[in-house]
Every structure is written in C-alpha cells, then in structure tokens.
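Asks: just coords:
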C-alpha cells in the first residue's frame, strides 16, 4: 500500500494520518476510502482547478486553518519563529515545533498559498492588477473582436502609432535580434 512493503511502519501510519487530516481519506468499516476531494485531485475534470483543490486540502487540518486565518495576507515568519509561535500559541512540544513549522511552510508552498514573497494567500494568489480604465471590446474592420483599453491615454507628447507609420519613432527591439 502506498509503495510500502510493510504497512505497520511509522512512516506509513504518518502518511495515513496526514491524508486523513488533509481531508483526503476517511475511515470506513472495512478500511479507508478516498474522499470526494481526493477523487477530484487524483482525477481532475479541470486541471486548472488543481491549485484551488490543493488549497482546499491545505486548510482542512484545524491547526493549518487557524494559522492561515491569522497569517492571511501577511508575510509568514521563517520556520524558527513560526515554530516558536506553534510552541507558545498551539501547544506544540519543543522537540516537534521546528518540523511542524517546516511542514506547514512546505504544505503552503505546495498548495500555492505561499508565494516567493513569503506572503500567505490561503484563497490563492491575488488577481493580477486591472488597468485603471477597464477593458472593453471593439470590432476591427474585418469583424474580428479584440480587446482594447477604454479611456487609456498616451503620456503627453507620445507620438503614437500614426507617427511610427510616417517613419518617426520605431518600436524597440532586443539588441540580439537582427534588424527587420
């Protein structure tokens, strides 16, 4: 089971326990069964939803949900400081606080809830910035739709496309590319 020859090992028991805490397995009369969340992760209909599903599982353990609520939108401290928080506020014993903190950080990264900036976003990374003037649609002469910025203004004195067409300012190109 799970690649182990002997299911009576501590590692196997720890993995079963973790799978239950993350809401992936439930104990049934005749053993364990996958939860609907585990089925969605293992056999996704929409692979784009996996990040959301991972974050959903990440928030299942009560300790992780509590930490996520407390740290949402904030920079998560390094493992040593987080371990001290776990010791003082969550009764994690001294010998386990460092590994518990590291497990939380690793799980948050895996779930996509912790970015490279160390800010915790349990509901997913923030949406990309939207232009101030919004986005709309227009029709080109050939009838195809294209997105255009509505109300966008060029900086004062910017020559625009018409000036380039008359041989004015040319678009920049990377120095390694040959001239057109």
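Replies: Now that the structure is in, tell me what you want to look at. All values derive from a computational prediction rather than experimental measurement. Residues are numbered from 1 along each chain as shown.

Asks: And the strands in the protein, which stretches?
Replies: 25-28, 31-34, 135-139, 145-149 (DSSP state E).

Asks: mean pLDDT for the ones you listed: which is lowest?
Replies: Here the lowest mean pLDDT among the strands of the chain goes to strand 145-149, at a mean of 35.

Asks: Against residue 20, how distant is the closest residue to residue 21 other than its chain neighbours?
Replies: Distances taken as Cβ to Cβ, 6 or more residues apart in numbering put residue 61 closest to residue 21, at 4.5 Å, once the chain neighbours are dropped. (Each C-beta comes from the backbone N, C-alpha and C, glycine too.) Taking Cβ to Cβ, to the nearest Å as the measure, residue 61 falls 10 Å from residue 20.

Asks: higher neighbour count, those two?
Replies: Each of residue 61 and residue 20 has its neighbours counted (other Cβ atoms under 10 Å); residue 61 has more, 19 against 16.

Asks: If I look at that one, what pLDDT would I see?
Replies: Here, the pLDDT recorded for residue 61 equals 97.

Asks: Run through the residues that contact residue 19.
Replies: 25, 32, 38 (Cβ atoms under 8 Å, 6 or more residues apart in numbering).

Asks: if I look at the last one, how far off is residue 29?
Replies: What that stands for is residue 38. Residue 38 is 18 Å from residue 29, by Cβ to Cβ.

Asks: One more: residue 103?
Replies: For residue 103 relative to residue 29 (Cβ to Cβ), the value is 30 Å.

Asks: neighbour count winner among those two?
Replies: The neighbour comparison of residue 103 against residue 29 (other Cβ under 10 Å) goes to residue 103, with 15 against 5.

Asks: can you tell me how far the more buried one sits from residue 23?
Replies: Taken as Cβ to Cβ, the span from residue 103 to residue 23 is 16 Å.

Asks: what about this structure, any weak spots by pLDDT?
Replies: Flagging of the chain using pLDDT under 70 yields the residue ranges 1-9, 129-180.

Asks: try 90
Replies: Applying pLDDT under 90 to the chain picks out residues 1-15, 29-31, 47, 124-180.

Asks: Helices along that one, start to end?
Replies: 10-21, 36-42, 50-58, 62-71, 79-90, 94-110, 160-165 (DSSP state H).

Asks: To residue 128, which of the ones you listed lies closest?
Replies: Of all the helices of the chain, helix 50-58 sits nearest to residue 128, with 14.9 Å by Cβ to Cβ.

Asks: packing partners for that closest one?
Replies: helix 36-42, helix 94-110 (3 or more Cβ pairs under 8 Å, 6 or more residues apart in numbering; DSSP states H and E).

Asks: Which positions within that helix qualify as buried?
Replies: The neighbour-count check on helix 50-58 (16 or more other Cβ atoms under 10 Å) flags 53-58 as buried.
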